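Participant: I need the structure of the sequence given here:
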Amino acid sequence: MSGSNFLFASLGAEVAVPTDIREHIALHRERVEHGRSAPLPAQGLALQLRGIDLSFGGVVALQDVDLAVRHGEIRAIIGPNGAGKSSLINVISGIYRPDRGHVAIEGTAYRTVPTQKLARLGVARTFQNLALFKGLSVLDNVATGRAYVGRANFLSQIAGLARARREQADARERAQRIIDFLHLTAYVDRLAGTLPYGLQKRVELARALAAEPRILLLDEPMAGMTATEKNELAAYVRLARDEYAITVVLIEHDIGVVMGLSDRIAVLDYGRKIADGTPSEIASDQRVIDAYLGVVPENEDGEGI
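Facilitator: Predicted coordinates:
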């Protein structure tokens, strides 16, 4: 088997999803197809990065990276370890300030995205490592996703004023709807830390969705999951995009999952974007194949660099 065939041999492979989850997803998909969910936004760019440079003490993490993300698409960013994927997500979410370039969210450009206002800007994210409150119930964990969306100030919350009480009730109601949507109802009162890893990952997705984002950043959401768990979560990500009319930016190492889930894919290697296109275009791009197989690029004289 050639290198390219070996690399993409798993593309399109199906892993069985448990019947109850498959039926649950099918019911929600039927609702979406019959037009009872939120409509997708008008065509245009939800997110745009222009000329992003980022370095740490002379080590280049990102170099002249452009990225355009359309409303309503699932946009994947892939690349070998150390390619700069998580650095790019951290620039988008304001954790890192780029040395050069800007990030535009819904048409408004930022030199540094204001992290403290991320939820108000309609952006939510998950992290590589689980960041759940393991001593809280699933419901309480998901409800915390509303923490930066509410408008009642700290003093009014402490005093239990009407506005704060309404926001707390709304947070729990919204959390319950998301929990039902992600088929977590049976675990609503369980402590998050007692759940299997795959379910904890789904709870983290639920918490991000509770913030009602327009843009959802998923940083390796399927890391450490079994093949079946990955298929389940991928189905829920696609359904969440359709149901809530959100735009998804996804970092993921499982190439098979990425190819089956994404609308378009950008590929990073050593901090530079080397390819950008549909899954079929990326799967046949020799630069991508070489990057994943560790092939040394040639110079103009045809010699390895």
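Participant: shaky segments in this protein?
Facilitator: When residues are selected by pLDDT under 70, those of the chain lie in 1-18, 21-22, 25, 28-43, 148-165, 294-305.
Participant: Would you state the strands of it in chain order?
Facilitator: 45-56, 59-70, 74-78, 100-105, 108-110, 123-126, 215-219, 247-251, 264-269, 272-277 (DSSP state E).
Participant: Let me know which of those is the nearest to V138.
Facilitator: Nearest of the strands of the chain to V138, taken as CB to CB: strand 123-126 at 15.5 Å. C-beta: built from backbone N, CA, C; applies to glycine.
Participant: what's the closest one packed up against?
Facilitator: Counting contacts by 3 or more CB pairs under 8 Å, 6 or more residues apart in numbering; DSSP states H and E, strand 123-126 is packed against helix 197-210, strand 215-219.
Participant: and the shortest one, which strands flank it?
Facilitator: Yep, that's strand 215-219 we're talking about. strand 123-126 (parallel), strand 247-251 (parallel) (DSSP bridges).
Participant: TSV for these, including distance to R202 and mean neighbour count?
Facilitator: Output for the strands paired with strand 215-219, formatted as TSV (distance: least, CB to CB, whole Å; neighbours: other CB atoms under 10 Å):
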stretch	distance to R202	mean neighbour count
strand 123-126	11	23
strand 247-251	15	24
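Participant: closest to Q48 out of the ones you listed?
Facilitator: Ranking the strands paired with strand 215-219 by distance to Q48, with CB to CB as the measure, places strand 247-251 first at 11.6 Å.
Participant: Run the angle between the closest one and strand 59-70 for me.
Facilitator: An angle of 150 degrees separates the directions of strand 247-251 and strand 59-70 when computed by axes from the mean of the first three to the mean of the last three CA atoms, to 10 degrees.
Participant: Distance from the chain centre to strand 247-251, please.
Facilitator: Mean C-alpha position of strand 247-251 versus that of the full chain (CA atoms, centre = their mean, to the nearest Å) differs by 4 Å.
Participant: hmm, who's touching it?
Facilitator: The list of residues contacting strand 247-251 from outside it, by CB atoms under 8 Å, 6 or more residues apart in numbering, reads 46-47, 69-78, 85-86, 89, 92, 214-221, 237, 240-241, 258, 261-262.
Participant: Using PDB, write out every CA atom in that strand.
Facilitator: The C-alpha atoms that make up strand 247-251 are tabulated as PDB, following Å, rounded to 0.1, in the frame of the first residue of the first chain:
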ATOM      1  CA  THR A 247     -20.100  27.800  12.900                       C
ATOM      2  CA  VAL A 248     -17.600  25.200  14.100                       C
ATOM      3  CA  VAL A 249     -13.800  25.400  14.100                       C
ATOM      4  CA  LEU A 250     -12.300  22.000  14.800                       C
ATOM      5  CA  ILE A 251      -8.900  20.800  15.700                       C
END
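Participant: Just the angle for that strand relative to strand 264-269, thanks.
Facilitator: Between strand 247-251 and strand 264-269, the angle comes out at 30 degrees (the same axes, to 10 degrees).
Participant: Identify each buried residue in the longest helix along the chain, please.
Facilitator: Assignment by DSSP state H gives helix 162-181 as the longest helix of the chain. Judged by neighbour count using 16 or more other CB atoms under 10 Å, the buried positions of helix 162-181 are 164, 167-168, 171-172, 174-176, 178-179, 181.
Participant: Export those residues as TSV, with columns for distance to Q63.
Facilitator: Formatted as TSV, the buried residues of helix 162-181 follow (distance: CB to CB, whole Å):
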residue	distance to Q63
A164	47
E167	43
Q168	46
A171	41
R172	45
R174	41
A175	41
Q176	45
I178	38
I179	42
F181	40
